[in-house]
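Peer 1: got a structure for you, letters missing:
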RNA sequence: GGCGCCAUGGCCAAGCGGUAAGGCAAAGGUCUGCAACACCUCUAUCCCCGGUCCGAUUCCGGGUGGCGCCU
């Protein structure tokens, strides 16, 4: 069909078993893993982000994990640049890049590419943003929405008047480039992805099952020293400085306990709740992709009538890959 | 056994005579450079019976259940 290189992507909600599957596939197919996770990029954020351990990595090379200070900012554009570089590097060595993670926007950015949208959030532009933010505080977000209507009615149409963050971004794009954000978006849609991406998604027929896994995993995180991890980051002032890392689930919830504002049980419950809600948002995000090959993790094998084992899941994924390759080469 | 208080959606909770705020959870959704973010949509006829009233979740009586105190 075409001669674009193949990239495999494993996606799904938190705690669905992506990482283990990705490692198994990397071993079977000669691949390396590119993490597609907005938080595992940070150093010192290990147990709370469920960052794979040395043991879990099983000698498979993981890219875009554990390389950035928690105080640093990071965007989906940065991700697109780095992930594509990593993919090209793996491909040049004859390996299969396997994207693995639950950050939908990052996967989008990888596939869509680094669009010509401007660095509206860098350098001197911060002044403009600060100005908009103070306008919002003094006069309300609606005023910003009205401003957006003037310069970019299409974006204003698509962004809810209450969504200050998105309104500001759209205004910034116009302010810095003179081109409406909606126009940038339109242009980026015409870019062709340089890879053949096979997306395999993990999902649960019984959501309660996933939720129970999430709860179990949170308890395990607490056992494994998440509190100390949060404490250490708090001491370093990370939560005041970092725009990205400070939003991480687990960290922001436990901070209340670390600072003596609530008890641990309450925070743990909040953390579970936040993770469940996050998983739901991830599922919503991924369902709009039309080309995901879903594996229902808690379904039964059609022949044996037994619930799929990890081996079964790996085999299904391998089959999907083989099918994808064979029709891709034709 | 006596006295008092309470009874509103899965949970918390306002209203106290004109036909039920809000928060949380659940569910559904949006998403193009902070995304583990931000944002949107959405769920009740007020414990039961009787009475007063044009009209009761709101007043009165009884019942049931819960809480507190007393003997």
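Peer 2: Thanks, I have the structure now. Values in this document were obtained by computation on a predicted structure and should not be read as measured data.

Peer 1: any idea where the strands of chain A begin and end?
Peer 2: Here chain A has its strands, by DSSP state E, at A:6-11, A:31-35, A:62-63, A:96-100, A:196-203, A:292-296.

Peer 1: could you dump the ones you listed into TSV and include distance to residue A:43 and mean pLDDT?
Peer 2: Every residue, glycine included, has its C-beta placed from N, CA and C. Formatted as TSV, those follow (distance: least, CB to CB, whole Å; pLDDT from 0 to 100):
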stretch	distance to residue A:43	mean pLDDT
strand A:6-11	23	97
strand A:31-35	13	98
strand A:62-63	14	98
strand A:96-100	19	98
strand A:196-203	27	96
strand A:292-296	31	96
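
Peer 1: and of the ones you listed, who's closest to RNA strand B?
Peer 2: strand A:31-35 (9.2 Å; CB to the nearest atom of the strand).

Peer 1: tell me which strands that closest one pairs with, and in which orientation.
Peer 2: strand A:62-63 (parallel), strand A:96-100 (parallel) (DSSP bridges).

Peer 1: quick one: it to strand A:6-11, angle?
Peer 2: 50 degrees (axes from the mean of the first three to the mean of the last three CA atoms, to 10 degrees).

Peer 1: which residues are in contact with strand A:31-35?
Peer 2: Strand A:31-35 is contacted from outside by A:8, A:22-23, A:25-26, A:41, A:57, A:60-65, A:83, A:86-87, A:90, A:95-101, using CB atoms under 8 Å, 6 or more residues apart in numbering.

Peer 1: run through who's touching stretch A:254-268.
Peer 2: The set of residues external to stretch A:254-268 that reach it, using CB under 8 Å, 6+ apart, is A:48, A:218-219, A:222, A:226-227, A:230-231, A:234, A:239, A:253, A:270-271.

Peer 1: please redo it, this time with the cut-off set to 10 Å
Peer 2: A:48, A:215, A:218-219, A:221-222, A:226-235, A:239, A:246, A:250-253, A:270-271 (CB atoms under 10 Å, 6 or more residues apart in numbering).

Peer 1: quick one: low-confidence ranges for the stretch 1-150 of chain A?
Peer 2: A:1, A:114-125 (pLDDT under 70).

Peer 1: with the stretch 151-300 of chain A instead?
Peer 2: Along the stretch 151-300 of chain A, the model assigns pLDDT under 70 to no residue.

Peer 1: enumerate the residues of it near RNA strand B.
Peer 2: A:158, A:160, A:162-166, A:168-169, A:173, A:181, A:184-186, A:188-189, A:207, A:243-244, A:247-250, A:273-274, A:276-278, A:280-285, A:287-288 (CB under 7 Å from any atom of the strand).
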